[in-house]
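Undergrad: only geometry, no sequence info:
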């Protein structure tokens, strides 16, 4: 009962935002039934940890000879193209959030393009505080190999033995297999819930989500 009262108190304040509920709490059906105004059927995200091991990366994430995949460090002239690509993933413009985010972590931002220069994915690693040194979020790519090449590029740019966190939708089976082959360790399962509007995302292109949400219950 207390949980219901607290949820109903805070939910009107976040009516247009994303909420995460830890999967362990989803064992109680009444919680889902009482999420008034929320689209419950969203997706499960698995948080994984990985300790960077440069010596093993070459074998775990092999670079295939594909002339149509070019991964390069981010530069400021790429900004609008990155924002446009992000809109194809999120379904709406997130420039107000992404511009300062990219600016803060642009030294650890990588962009994938095809042979004609069209963006086909990007990834950002940001510094964390505590026992996790870096978080890779987001990591988007049109194809499995794009996601793999971006992941390898980001990890190679981070210090050896760094602790990394990655947030992968379970619906992206290829990315899940890639991370399991890398030797990542599962840390947490969460469920994303959205208000008012049903959200249909191209999760097969999402190897790691942009952020963890507005608040956690």
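TA: Thanks, I have it. These numbers were taken from a predicted model, which means no experiment stands behind them.

Undergrad: pLDDT weak spots in this protein?
TA: Across the chain, the ranges flagged by pLDDT under 70 are 1-41, 63-65, 193-199, 212-217.

Undergrad: and with 80 instead?
TA: Within the chain, the ranges that satisfy pLDDT under 80 run 1-42, 58-59, 61-67, 129-131, 191-200, 211-217.

Undergrad: all strands of it, in order?
TA: 18-22, 38-51, 70-73, 109-113, 119-127, 134-141, 163-169, 185-195, 206-208, 215-216 (DSSP state E).

Undergrad: looking at these, which is buried most?
TA: Most buried of these by mean neighbour count (mean count of other C-beta atoms under 10 Å) is strand 206-208; its value is a mean of 28. Every residue, glycine included, has its C-beta placed from N, CA and C.

Undergrad: which other helices and strands contact that strand?
TA: strand 134-141, helix 144-157, strand 163-169, helix 173-182 (3 or more C-beta pairs under 8 Å, 6 or more residues apart in numbering; DSSP states H and E).

Undergrad: In the sheet, which strands lie alongside it, parallel or antiparallel?
TA: strand 134-141 (antiparallel) (DSSP bridges).

Undergrad: Residue 47 pairs with what?
TA: Counting by DSSP bridges, the residues bridging with residue 47 are residue 167, residue 188.

Undergrad: How about the contacts made by it?
TA: Residues near residue 47 by C-beta atoms under 8 Å, 6 or more residues apart in numbering: 165, 166, 167, 186, 187, 188, 189, 190.

Undergrad: which one of those residues is nearest residue 90?
TA: Minimum distance to residue 90 across these is 14.8 Å, recorded for residue 167 (C-beta to C-beta).

Undergrad: how near is that closest one to residue 113?
TA: 24 Å (C-beta to C-beta, to the nearest Å).

Undergrad: quick one: residue 71 and residue 111 touch, right?
TA: Yes: the pair residue 71 / residue 111 is scored as a contact, 7.3 Å apart, by C-beta atoms under 8 Å.

Undergrad: got the helices and strands packed on strand 206-208 as CSV, with distance to residue 50 columns?
TA: Listed next are the helices and strands packed on strand 206-208 as CSV, based on distance: least, C-beta to C-beta, whole Å:
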stretch, distance to residue 50
strand 134-141, 9
helix 144-157, 8
strand 163-169, 5
helix 173-182, 6
